[in-house]
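S.K.: below is the structure, and that's it, no one-letter string:
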């Protein structure tokens, strides 16, 4: 992966971490903040980064 900033989603099963996960590489050096809404994740990345909106289902 060329990007160093990542945002990801780990599923829970009965309150425990599952082995099912997704992640998305983003421009920038670090994901500095993440919040979510009904259908999207919103994240900001650091130096020369982005403000991104990612679909919770598809991570795009």
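M.R.: Perfect, I can see it now. Here the structure is a predicted model, which is why all the values come from computation and not from measurement.
S.K.: could you spell out the sheet neighbours of the helix or strand harbouring residue 6, each with its direction?
M.R.: Assigning secondary structure by DSSP states H and E places residue 6 in strand 5-13. In the sheet, strand 5-13 lines up against strand 16-26 (antiparallel) (DSSP bridges).
S.K.: got the buried residues for the strand it pairs with?
M.R.: Within strand 16-26, the residues scored as buried using 16 or more other Cβ atoms under 10 Å are 24, 26. Yep, even glycine has a C-beta here, placed from its N, CA and C like the rest.
S.K.: that one: what's the following helix or strand?
M.R.: Assigned by DSSP H and E, the successor of strand 16-26 is strand 31-36.
S.K.: what helices and strands are in contact with the helix or strand encompassing residue 43?
M.R.: Using DSSP H and E, the element containing residue 43 is strand 40-45. Where contact means 3 or more Cβ pairs under 8 Å, 6 or more residues apart in numbering; DSSP states H and E, strand 40-45 is packed against strand 5-13, strand 31-36, strand 51-55.
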